[in-house]
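K.L.:
The sequence isn't on hand, but the structure is:
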């Protein structure tokens, strides 16, 4: 990291001053050097969103261009981005920031959920067919979560969604990325809310009561409630761990943190359906509702 900072940014700092996450102090400012893990083609749009938020005084860390006036710095076949850290996580973060449809954000749009989810399922099925008899825990559980995904896809396809009503959101909700412009996407308003609720359930061990209590504080329109429910049905929490097991050598046993709680999560989906149904006339997932009636 020291070599990257010296060559690309003319910042001289010793390795022992850079922590394991890439954070370091320089001239009384906190910086972080990130390995860039997204498509190279997305970087210009991420810079645009970063500037869009900074110009409106919305909390976000700032992408720093290198001495060649580029946001990406190539070193040993990997790209890096330097961020000026203006904000760190100190509590809940939900800023619903609308953004108009613009060709500069097209590549960051993630609102075609049915297409994205179908593509993910197709790829996972193809992948498993080529993994021989490896990953028995994944093989024994994946069909259930593919089934949930198909429920979510069918539900989403029934909705008449205005795809111009989009907001700035995050790929996933984690404290470490909330102010990181490299994690931004453009999607429906409820993306961050639903992924936050999944995190509360599986990572933070919040109770169904706690999640319902939070949901009762929200003020959403009818379509937002429908979209929130359908995104709660889609098991991104499972596929995230699945991908870490396949691609990052995470221990396969980690998937049991999800699979052991499938009945609890079904109950959560039923309770969310009941809560929303009291506000609007929303459809449910029949097999889940029938299980808990």
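P.N.:
Yep, that arrived. Quantities reported herein were computed from a predicted structural model and do not represent experimental measurements.

K.L.:
and this protein, what are its domains?
P.N.:
2-84, 97-292 (automatic domain parsing).

K.L.:
what would the ones you listed look like in JSON lines with mean neighbour count?
P.N.:
C-beta coordinates here come from the backbone N, C-alpha and C atoms, glycine included. Below are the domains of the chain laid out as JSON lines (neighbours: other CB atoms under 10 Å):
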{"stretch": "domain 2-84", "mean neighbour count": "15"}
{"stretch": "domain 97-292", "mean neighbour count": "16"}
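
K.L.:
Let me have these in JSON lines, adding mean pLDDT as columns.
P.N.:
What follows is the domains of the chain, written out as JSON lines (pLDDT from 0 to 100):
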{"stretch": "domain 2-84", "mean pLDDT": "93"}
{"stretch": "domain 97-292", "mean pLDDT": "93"}
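
K.L.:
all strands for the stretch 151-293 of the chain, in order.
P.N.:
Using DSSP state E, counting those that start in this stretch, the strands of the stretch 151-293 of the chain run over 166-170, 184-187.

K.L.:
Check the stretch 1-150 of the chain too.
P.N.:
For the stretch 1-150 of the chain, the strands defined by DSSP E, counting those that start in this stretch occupy 23-26, 29-35, 62-64, 73-75, 78-84, 97-99.

K.L.:
Could you name the helices and strands sitting against the second one?
P.N.:
Taking 3 or more CB pairs under 8 Å, 6 or more residues apart in numbering; DSSP states H and E as the contact definition, the neighbouring helices and strands of strand 29-35 are strand 23-26, strand 78-84.

K.L.:
Show me the one of those that comes nearest residue 12.
P.N.:
Closest approach to residue 12 among the helices and strands packed on strand 29-35 is made by strand 23-26 (8.6 Å; CB to CB).

K.L.:
Can you tell me how far residue 251 is from residue 268?
P.N.:
26 Å (CB to CB, to the nearest Å).

K.L.:
Ok, residue 2 next?
P.N.:
47 Å.

K.L.:
next one: residue 52
P.N.:
Distance, residue 52 to residue 268, by CB to CB: 35 Å.

K.L.:
Likewise for residue 179?
P.N.:
According to CB to CB, residue 179 and residue 268 sit 28 Å apart.

K.L.:
do the same with residue 101
P.N.:
Taking CB to CB as the measure, residue 101 falls 34 Å from residue 268.

K.L.:
Now residue 72. Its backbone dihedrals?
P.N.:
Backbone torsions of residue 72, given as degrees, to the nearest 10, read phi -100, psi 140.

K.L.:
In space, what's closest to it - neighbours in sequence excluded?
P.N.:
Distances taken as CB to CB, 6 or more residues apart in numbering place residue 79 nearest to residue 72, at 4.5 Å, with adjacent residues excluded.

K.L.:
Over to residue 202?
P.N.:
residue 237 (5.2 Å).

K.L.:
That neighbour touches residue 258, doesn't it?
P.N.:
Yes. Contact status for residue 237 versus residue 258: in contact at 6.0 Å, counting by CB atoms under 8 Å.

K.L.:
who touches both of those two?
P.N.:
Shared contacts of residue 237 and residue 258 (CB atoms under 8 Å, 6 or more residues apart in numbering): residue 202.
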